[in-house]
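Visitor: sequence and predicted structure are below.
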Amino acid sequence: MAVNKSCSYVEVNNCFLNGVSTALSESSSICSDIKEASEIEFMNSISCTFDPFDFIEESWQHCDNMLQTSDNKIHVANNMMDMDQDPRKRLCFADGRRKVDYVLVYHYRKRSSVRGSPSQHRLSIISNGSYPLGVEEKDQEGRKDEPAEVVVDVGPPDPADGEKIMIREEFEGNLKDAGLEIEHDKENKAHGHAFIRLHAPWQVLSREAEFLKIKVPTKKSYELREEKGLAATMNEVWRKLNQPFQPKVPHQEQEHSRTKFLSHCFSRDKLHLYNIKSKDTFFDNATRSRIVYEILRRTACTRTCQTMGITTLIANGVYDSAFPLHDGDFHPSGQAEGKNDRQLLHDEWARYGAFYKYQPVDLIRKYFGEKIGLYFAWLGVYTQLLIPASVVGIIVFFYGWATVETNIPSQEMCDEDQNFTMCPLCDRACDYWHLSTACGTARASHLFDNPATVFFAIFMSLWAAMFLEHWKRRQISLNYSWDLTGMEEEEEKAKEHPRPKYETILLQKRQRKKKNTKNKNETGHEKLTWRDRLPGYLINISSILFMFGVTCSAVFSVIIYRITISALMAMSSDPEVKSNVRVTVTATAVIINLVVILILDEIYGMVAAWLTELEIPKTETNFEERLILKAFLLKFMNAYAPIFYVAFFKGRFAGRPGDYVYVFNDYRMEECAPGGCLIELCIQLSIIMLGKQLIQNNVFEIGIPKLKKLCRTLKDKERAPKEIVEQPGRRQQWHLDYDLEPFDGLTPEYMEMIIQFGFVSLFVASFPLAPLFALLNNVIEIRLDAKKFVTELRRPDAIRAKDIGIWYNILSGLGKFSVIINAFVISFTSDFIPRLVYQYMYSETGTMHGFINHTLSYFNVSNFKPGTVPSISSLGKDITFCRYKDYREPPWSTEPYQFSKQYWSVLAARLGFVILFQNLVITMSMLVAWVIPDVPKNISEKLKKEKTLLVDVFLNEEKEKLQLIQSLFSRDLTQEQQEELKVSDQTSLPLQQTQPGQLPPTSSPAPRTRPRAASFSQFTRQMSMSPRSDITQHTAV
């Protein structure tokens, strides 16, 4: 039984889906008529057998031929383009004119044939994705001499794939109804990826631009005020000095000109106000893709599935991915004027050779959108302000290095004549030792523990406040130059788009309620409540507490490692091993800490995303904020827990000789080095900071994307059939972009810099060189991120953002927290306060002479517990007293080994310094924030001037309309009066019988009066209508 191939169910669905744009209503009606007629024919011929591969091939040709007969507008293309054409045309449809604004990708399967197989499989067609219909076998009597062919999968192999096809058909049909034009690839493989290209015509762009309130420049311009006097001279000198560091971007010279064009929200009623040279280039590529993405996000599939937007369809596997295209290849073409934006970004920004140049922030914003532009602008401001902090840190470090020879406490520790015999560092195996053997540690500690570090801690606290204030001013300037002022309404609208997980759970809830309720119409406005989210909240709290416990356990494990290795190395008979116990144990323990931190960082990132999914946030904004908070808490705890231990806990609970605190009843708690815990804190901070920056921020960012790309390439090669060879020639841009890594958001990039900001600000009193290493890392980080965005990632969606969001609150919190941390580090970790107390309260000469002896207490060796005395002593058996670092009463006192008066004096001074330091620095920070205005003065003046000019423009426009109305009205009156006079003369009727403003029955013909009445009513209706109603009535452009 033959099948009519000219009109079938599969063919008509493809025609109806891909065929005709919304403007061609006649073609749409033709396809719909064919569909209705073909469904009957298909049901009559469903039981016959046919060759589906040839059937689909002929159906494609028939659909193409039918669509080409409608005004020669092709919406389904074969992707058989000339590969040697203009590179700009490779970003267009097959006609070479319409731009590809967005690309959808899905994986398909169709029939594949294998020769030499002994039999032929049956075909099964899935109707509506649920009912399998049988198909008879072909007669194979005439094919005995030919090798048999196995026919596999004419359509979807299971109902799930059939359902996805139906969803795609409905979704693409709705996109077509929304005005988008669609072009498909021809599926010429057994299975693979199919690309759907979307184009937004001018009608769609103008409609959506008005809906999204996109600001565009108008024809009205004004000249910026020219500075005069000394300020103008200094600005000119500064501009010439900065000239070598400016990127060579052609658009930058126009943006820095003195002529400023006013911007206003796009409106189709005010097209005459905009300088529209070409409708194809009026909206740039980023804006066009953003408009298409908004349509994709709000387009629903209500017939096949209750889903909203492309994100839900990607999450459900209907589409593999959706992305806008890059502007061609990033390799330079050799001509500076002919470079596209991607090539300009690669040459002037995404190269390590351009590390000394400023970032082309405006071009970054134009290409990637405001959200990514703000990130790189913030990173640039942060890196710039690290320069003065690095300079001051280097000065502080060299001050310590220059004064180490004149430091009296260091000299006393290194003086062998002082002969301070110290108590053993461990039980039984450790011997008494002289304090002079720790001379190197004392000298190194002075490099970071000197009076200049106090000044540096105050400076860095003020620096953090100045950084935040400077960024606020920079952010306001960018908002003005990027036309981001007044976009709160747009942000609220963007928050209304639900996430795929939220939609899925909400749909499941509705379905459950429909089963339980008799009236199905009652479940129309369901939403998730706190009861639906309660299990997720409970799991979140318990999991975060568990992760905190894991971090503390890792820190405690490293403590046990240090204690045990110290005891084992102290038992060694090798003198070199004994002398290097502290250095070896400290260095290896910090490396172990670093490895644990790197591993837990990756685990905590995945755990934070999983926990955020359990909370079922409604919008992407809520999801991102909650994810950031969880990831920051976990990673902050992970990175700083070892540092907090060394700074505030190590040596505080070790006890004293004769009454030590033991772990597992065998190992003593570790103590600080003789030079203090600050040098160990410096070692811990420097190794963790440098290790994270070198390994995690650089090696992982370079290596992991390349490994992912390699795995994807190998996976695609395995999935591709070996018998099909790709067509020769250059691949299209959408193929090249699909091979790139998808963009996963800015959260990892921000998180790296926030953790680094904590290293720079929180414990900077112990490591003044931290800003320098952060500066060197950021110079590389900017170019590394730039190279990743330009060459290794798909082009992200251009998302408008007014600020950096919750990250600013985290930075502000870290800045305030750093004041407290630095106050406690200076007071309790360093010896700054004990030195001051000794010099001004206990020193007889008012100098630091005798400070070491003042900080060491006495212990009678006869008071050691049995089994803890050194088994072998090289210093002899005549030792009666040994010294240890603490403020305690001597053994001959009435209260031996109790805290002395000096201890309480030093403690009171430490607490007083914390209170004084906090109040002083916070007051100065508030003063800095008050002195520096958030909005620059020139920006506020420009905003006022532009607002006034826009009001004048619209007032002039209204005046012109009123004048036009009055002229038309007066012309109508004069013509009516003349006609009335003529009529009165002809009929000899008195003039008083005709009322003013009323046309006589023998007035002028209707064709002359109707156009005037229509024009008058048009103007009066436009003046009387509200702005909301005015949106719905537009003149076609």
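Guide: Sure thing, it's come through. None of the values given here were measured: they were computed from a predicted structure.
Visitor: looking at this protein, which helix or strand is least sure?
Guide: Across the helices and strands of the chain, mean pLDDT, DSSP states H and E gives its lowest value to strand 124-127, namely a mean of 33.
Visitor: low pLDDT regions in the stretch 351-500 of the chain?
Guide: Scanning the stretch 351-500 of the chain for pLDDT under 70 picks out 487-496.
Visitor: change it to 80
Guide: Scanning the stretch 351-500 of the chain for pLDDT under 80 picks out 417-419, 428-429, 485-500.
Visitor: now do the stretch 701-850 of the chain
Guide: Those would be 701-731, if you go by pLDDT under 80 across the stretch 701-850 of the chain.
Visitor: again, only this time at 70
Guide: For the stretch 701-850 of the chain (pLDDT under 70), the answer is 715-730.
Visitor: which parts of it are helices?
Guide: Here the stretch 701-850 of the chain has its helices, by DSSP state H, counting those that start in this stretch, at 733-738, 747-761, 770-787, 806-824, 832-837.
Visitor: so which of those comes closest to residue 937?
Guide: With respect to residue 937, and counting by CB to CB, the nearest of the helices of the stretch 701-850 of the chain is helix 806-824 at 22.4 Å. Yep, even glycine has a C-beta here, placed from its N, CA and C like the rest.
Visitor: and the angle for the closest one with helix 747-761?
Guide: 20 degrees (axes from the mean of the first three to the mean of the last three CA atoms, to 10 degrees).
Visitor: buried sites along helix 806-824?
Guide: 806-807, 810-811, 814-816, 818-824 (16 or more other CB atoms under 10 Å).
Visitor: tabulate those residues (a markdown table), appending distance to residue 437.
Guide: Formatted as a markdown table, these follow (distance: CB to CB, whole Å):
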| residue | distance to residue 437 |
| --- | --- |
| 806 | 51 |
| 807 | 48 |
| 810 | 45 |
| 811 | 45 |
| 814 | 40 |
| 815 | 42 |
| 816 | 42 |
| 818 | 36 |
| 819 | 38 |
| 820 | 36 |
| 821 | 32 |
| 822 | 32 |
| 823 | 33 |
| 824 | 30 |
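Visitor: and which of those is nearest to residue 451?
Guide: Where these are concerned, and distances follow CB to CB, residue 451 has its nearest neighbour in residue 822, at 14.6 Å.
Visitor: quick check: closest non-adjacent residue to that closest one.
Guide: If the residues on either side of it in the chain are set aside, residue 822 comes closest to residue 457, at 4.2 Å by CB to CB, 6 or more residues apart in numbering.
Visitor: thinking the one you found is in contact with residue 826, fair?
Guide: Yes: Residue 457 is within contact range of residue 826, at 6.0 Å (criterion: CB atoms under 8 Å).
Visitor: next, show the common contact partners of those two.
Guide: Shared contacts of residue 457 and residue 826 (CB atoms under 8 Å, 6 or more residues apart in numbering): 765, 917.
Visitor: which of these two has more residues huddled nearby?
Guide: residue 457 (27 against 24; other CB atoms under 10 Å).
Visitor: show me what the helix or strand hosting the more buried one is packed against.
Guide: Assigned by DSSP states H and E, residue 457 belongs to helix 451-481. Here helix 451-481 touches helix 361-368, helix 370-402, helix 747-761, helix 806-824, helix 832-837, helix 901-931, helix 937-987, going by 3 or more CB pairs under 8 Å, 6 or more residues apart in numbering; DSSP states H and E.
Visitor: about what we covered before: wait, what's in contact with the residue nearest to residue 822?
Guide: Going by CB under 8 Å, 6+ apart, residue 457 touches 764-765, 822-823, 825-826, 917.
Visitor: among these, which two are most distant?
Guide: Every pair of the contacts of residue 457 checked by CB to CB; the farthest is 764 and 917, at 13.7 Å.
Visitor: these two: who's more crowded?
Guide: For residue 764 versus residue 917, the count of surrounding residues by other CB under 10 Å is larger for residue 764: 28 against 21.
Visitor: how many neighbouring residues does the closest residue to that one other than its chain neighbours have?
Guide: Excluding the flanking residues, the one nearest residue 764 by CB to CB, 6+ apart is residue 460, at 4.7 Å. By the criterion of other CB under 10 Å, residue 460 has 26 neighbours.
Visitor: and for residue 446?
Guide: For residue 446, the neighbour count with other CB under 10 Å is 22.
Visitor: you'd agree it is up against residue 400?
Guide: Yes: between residue 446 and residue 400 there is a contact at 5.7 Å, judged by CB under 8 Å.
Visitor: between the buried residues of helix 806-824, which sits nearest residue 218?
Guide: The closest of those to residue 218 turns out to be residue 807 (CB to CB; 33.8 Å).
Visitor: distance of residue 201 from residue 92?
Guide: 13 Å (CB to CB, to the nearest Å).
Visitor: any residues in contact with both of the two?
Guide: residue 98.
Visitor: need the helices and strands packed on helix 451-481 in CSV (columns: distance to residue 673).
Guide: What follows is the helices and strands packed on helix 451-481, written out as CSV (distance: least, CB to CB, whole Å):
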stretch, distance to residue 673
helix 361-368, 47
helix 370-402, 17
helix 747-761, 22
helix 806-824, 19
helix 832-837, 16
helix 901-931, 19
helix 937-987, 53
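Visitor: separation between residue 759 and residue 806?
Guide: Separation of residue 759 from residue 806 (CB to CB): 20 Å.
Visitor: what are the ranges of the strands in the stretch 201-350 of the chain?
Guide: For the stretch 201-350 of the chain, the strands defined by DSSP state E, counting those that start in this stretch occupy 215-223, 259-265, 300-301, 307-308, 321-323.
Visitor: mean pLDDT for the ones you listed: which is lowest?
Guide: Mean pLDDT is lowest for strand 307-308 out of the strands of the stretch 201-350 of the chain, coming in at a mean of 73.
Visitor: helices and strands around it, which ones?
Guide: Where contact means 3+ CB pairs under 8 Å, 6+ apart, strand 307-308 is packed against strand 300-301, helix 500-516.
Visitor: out of these, which one sits most buried?
Guide: Comparing the helices and strands packed on strand 307-308 by mean neighbour count (mean count of other CB atoms under 10 Å), strand 300-301 comes out on top with a mean of 18.
Visitor: what about the closest residue to residue 168 other than its chain neighbours, how many neighbours?
Guide: The spatially closest residue to residue 168, leaving aside those adjacent along the chain, is residue 318, at 6.0 Å (CB to CB, 6+ apart). Neighbourhood size, residue 318 [other CB under 10 Å]: 22.
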